[in-house]
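> got a predicted structure here, sequence first:
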Amino acid sequence: MKATIVAGNPKPGSRTLDAACLVARALTGSEPDHVVDVVSLGPGLLGWGDDAVTSAVEVVASSDLVVFASPTFKATYTGILKLFLDQFATGDGLKDVVALPLMLGAGPAHAMAPDLLLKPVLVELGATTPAPGLYLIDSTYTTDTRIADHVGRWGGIIKAAATAGTEAS
């Protein structure tokens with residue numbers, strides 16, 4: 001199973017990226033195969049045809065499992081993540097990709113954001129999202145049990161869906 005992280009934080013090497021890596025490790029038992037820290041793609045996100053962006057899109061589209069992560073920004077996911085997601089074809093850009101929407105925030109007020117805001121976009125792009133999204137508190141995600149609890153409850157379903165996609169290919 002090929003796992004990829006997409007971190008849509010405007011700061012490179014962010015807690016969002018760290019949290020996504022922790023989630024991927026908890027799901028797969030190993031380091032992610034690929035990490036896309038979207039901010040590193042720079043101005044190439046503002047148009048179409050940039051080689052680095054095209055390469056990142058191809059990596060994500062060919063992955064079995066992708067953790068799409070964003071901080072909560074103005075009550076939703078970041079614009080930089082939206083710019084990256086706009087690079088995928090509607091309907092089948094994420095076909096055969098199992099996606100887990102992950103968002104971080106300062107408090108519980110936006111706990112439904114991964115499912116209400118990010119998940120519909122991923123589904124619109126063709127991703128399969130067999131489990132609820134995950135919302136983490138940015139100051140406690142390394143010390144609380146939210147990742148372990150989510151993986152304990154949904155990890156088997158997520159891995160089975162990602163593996164089923166691999167076997168069907």
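Ah, there it is.

> strands along this structure, start to end?
Ranges of strands within the chain are 3-7, 34-37, 65-71, 98-105, 134-137, based on DSSP state E.

> reformat these as JSON lines; add distance to residue 26.
Backbone N, C-alpha and C define where each C-beta goes, glycine included. Shown next, in JSON lines, are the strands of the chain (distance: least, CB to CB, whole Å):
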{"stretch": "strand 3-7", "distance to residue 26": "11"}
{"stretch": "strand 34-37", "distance to residue 26": "16"}
{"stretch": "strand 65-71", "distance to residue 26": "10"}
{"stretch": "strand 98-105", "distance to residue 26": "11"}
{"stretch": "strand 134-137", "distance to residue 26": "10"}
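
> mean pLDDT and mean neighbour count added to these, as JSON lines?
Output for the strands of the chain, formatted as JSON lines (pLDDT from 0 to 100; neighbours: other CB atoms under 10 Å):
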{"stretch": "strand 3-7", "mean pLDDT": "97", "mean neighbour count": "27"}
{"stretch": "strand 34-37", "mean pLDDT": "98", "mean neighbour count": "20"}
{"stretch": "strand 65-71", "mean pLDDT": "98", "mean neighbour count": "28"}
{"stretch": "strand 98-105", "mean pLDDT": "98", "mean neighbour count": "28"}
{"stretch": "strand 134-137", "mean pLDDT": "98", "mean neighbour count": "22"}
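
> residue 59: which of the ones you listed is closest?
Distances from residue 59 to each of these were compared by CB to CB, and the smallest falls on strand 34-37, at 5.0 Å.

> what packs against the closest one?
For strand 34-37, the packing partners by 3 or more CB pairs under 8 Å, 6 or more residues apart in numbering; DSSP states H and E come out as strand 3-7, helix 15-28, helix 51-61.

> of these, which stretch is the most buried?
For these, the stretch with the most neighbours on average is strand 3-7, a mean of 27; neighbours defined as mean count of other CB atoms under 10 Å.

> relative to helix 15-28, how tilted is it?
160 degrees (axes from the mean of the first three to the mean of the last three CA atoms, to 10 degrees).

> off-centre distance for strand 3-7?
Using CA atoms, centre = their mean, to the nearest Å, we find the averaged C-alpha position of strand 3-7 to lie 6 Å away from the chain's own average C-alpha position.

> just the angle between it and strand 65-71, please?
Interaxial angle, strand 3-7 versus strand 65-71 (the same axes, to 10 degrees): 20 degrees.
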